[in-house]
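Undergrad: the following comprises the amino acid sequence and a computationally predicted model.
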Amino acid sequence: MQLFGKKPPLDEIEAEIAAIKRRRDRVAAKVEAAQTELDAATAAHLKLHTEADADDLKAEAAAQRRVEAAHSTHKGLSAALAKLETQFAEAERRVAAEREAIARRASADEIERQAKAAEDVIEPAISAFKKLAKIYGKLGDVSFDCASIGRYAEAAASEIELAAAFTLRDVHGLAAGIASGNRPIPQRQTEQQAPRKVAPAPVKERVFAMRPIAWKNGDGSLHKQAPYFDVDLPPALARRALDLGAAIPLADPRRKKLHGTRSKYEPDLVNCVRLDGDVEAASSEEAPPAAPLHSAFEPLDRGKPYLVKTEGPKS
């Protein structure tokens, strides 16, 4: 009896990658040490030739041998490290390919499973539609609506049967293409999208305007309202409008009498009761500028005002 089966290909490749990485790190440390030795040997060889007062053939030969040995060691280790890097990259490529193959097989199997479920229900569904069409068709002589249902069920059975034959064939082909790598894996949304957060609407209180009013919203935009119309205000401004007598509650009998008795217009700011400031300051705040005069206009001097007396009508 076999207690331990063979590792899956992915596990084998990942184990191979781990082994290559250990060897690569070990050789990389040796390459660094060899580079240090090569630098030191080269510096000693250079110092011997540039600072010695007399020729020392024995020392020169030893220094040269040290440089050559360090260079050879560094070259061999560098070649080994380059080969290990190539092996590591190839193993990673194989892991990626194996993971993609696993994902492809899983996607293809899921599509085939769903296609099999559709095939299991399509025949009974078509049979039920045909049976429904036959039963309601017999009632067609006594009921127009029953005849319509029978014709609809018969047409639906025919269309579903034809469409299912083509679509399920395409689905099987899609699964085969995904498994072989010729078709991309469909991107499915497995999790329901989080509902979009919508900011709650600001709380408003509806009152009936008795005078022209003006106020600013939180964003700084200015609003004006003519009298004798309902208006929605933030609760604080609604209470202020009631306190100032610029508005009344909707239940006030005057609303029923005055509502809509005037045409809607946009009042001048100077005539409005400011709900977000002093009432007295409304006439001085944001007053409209004087109308500009044309450069060719010249006021006519009519002199001082005078009084004209006329006789009354004769009787």
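TA: It's in. Residues are numbered from 1 along each chain as shown.

Undergrad: drop to CA atoms for contacts and neighbour counts, all remaining ones
TA: Noted.

Undergrad: name the residues of the helix or strand where residue 162 lies that are buried.
TA: Following DSSP states H and E, one finds residue 162 within helix 144-180. For helix 144-180, burial by neighbour count (16 or more other CA atoms under 10 Å) applies to 146-151, 153-154, 156-157, 161, 168, 171, 174-179.

Undergrad: is residue 120 part of a helix or strand, or is it coil?
TA: helix (DSSP: H, G, I helix; E, B strand; the rest coil).

Undergrad: same check, this time on residue 141
TA: Under three-state DSSP, residue 141 comes out as coil.

Undergrad: repeat that for residue 95.
TA: Going by three-state DSSP: residue 95 is helix.

Undergrad: and if you look at the one 5 residues further on?
TA: What three-state DSSP gives for residue 100 is helix.

Undergrad: what of residue 206?
TA: Going by three-state DSSP: residue 206 is strand.

Undergrad: list the contacts for it?
TA: In this structure, residue 206 makes contact with 230-233, 238, 249-250, judged by CA atoms under 8 Å, 6 or more residues apart in numbering.

Undergrad: same check on residue 266?
TA: Residues near residue 266 by CA under 8 Å, 6+ apart: 224-226.

Undergrad: the helices in the stretch 1-150 of the chain, which residues?
TA: With DSSP state H, counting those that start in this stretch applied, the stretch 1-150 of the chain shows helices at 9-51, 57-138, 144-180, listed in chain order.

Undergrad: the contacts of residue 206, buried ones only, as a PyMOL selection?
TA: In PyMOL, a selection of the buried entries from the contacts of residue 206 looks like this (16+ other CA under 10 Å):
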select buried, resi 230+231+233+238+249
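
Undergrad: so which of the contacts of residue 206 sit within helices?
TA: Cross-referencing the contacts of residue 206 against helices under DSSP state H gives residue 238.

Undergrad: looking at the contacts of residue 206, spot the one nearest residue 22.
TA: The closest of the contacts of residue 206 to residue 22 turns out to be residue 233 (CA to CA; 72.8 Å).

Undergrad: how near is the residue lying closest to residue 37 once chain neighbours are set aside to residue 92?
TA: Excluding its sequence neighbours, the residue lying closest to residue 37 (CA to CA, 6 or more residues apart in numbering) is residue 70, at 6.2 Å. From residue 70 across to residue 92, the span is 33 Å (CA to CA, to the nearest Å).

Undergrad: which one of these two is surrounded by more residues?
TA: Between residue 70 and residue 92, counted using other CA atoms under 10 Å, residue 70 has the larger neighbour count: 22 against 16.

Undergrad: pLDDT wise, what is the more buried one at?
TA: We have a pLDDT of 91 for residue 70.

Undergrad: who are the contact partners of it?
TA: Contacts of residue 70 by CA under 8 Å, 6+ apart are 34-35, 37-38, 41.

Undergrad: with residue 45 instead?
TA: Residue 45 neighbours (CA under 8 Å, 6+ apart): 60, 63-64, 67.

Undergrad: what packs against the helix holding residue 162?
TA: On a contact count with 3 or more CA pairs under 8 Å, 6 or more residues apart in numbering; DSSP states H and E, helix 144-180 meets helix 57-138.

Undergrad: what angle do the helix it packs on and helix 9-51 make?
TA: For helix 57-138 against helix 9-51, the angle by axes from the mean of the first three to the mean of the last three CA atoms, to 10 degrees is 160 degrees.

Undergrad: got the angle for helix 57-138 vs helix 144-180?
TA: The directions of helix 57-138 and helix 144-180 differ by 160 degrees, with the same axes, to 10 degrees as the criterion.

Undergrad: and the chain, what are its domains?
TA: Domain segmentation of the chain under automatic domain parsing yields 9-103, 116-180, 205-283.

Undergrad: reformat the ones you listed as CSV; add distance to residue 196.
TA: Formatted as CSV, the domains of the chain follow (distance: least, CA to CA, whole Å):
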stretch, distance to residue 196
domain 9-103, 31
domain 116-180, 34
domain 205-283, 23
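
Undergrad: from the contacts of residue 206, pick the one nearest residue 267.
TA: residue 231 (14.2 Å).

Undergrad: can you name the residues that contact that closest one?
TA: By CA under 8 Å, 6+ apart, the residues touching residue 231 are 206-209, 225.

Undergrad: Serialize those residues to CSV and add fields for pLDDT and distance to residue 120.
TA: Formatted as CSV, the contacts of residue 231 follow (pLDDT from 0 to 100; distance: CA to CA, whole Å):
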residue, pLDDT, distance to residue 120
206, 93, 61
207, 94, 64
208, 93, 66
209, 92, 69
225, 90, 67
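
Undergrad: buried subset of the residues you listed?
TA: Those of the contacts of residue 231 that meet the buried threshold are 206-209, 225, by 16+ other CA under 10 Å.

Undergrad: list the buried residues of stretch 12-22.
TA: For stretch 12-22, by 16+ other CA under 10 Å, it's 13, 17, 20-21.

Undergrad: my bad, should have said stretch 120-128
TA: So stretch 120-128, judged by 16+ other CA under 10 Å, has buried residues 122, 126.
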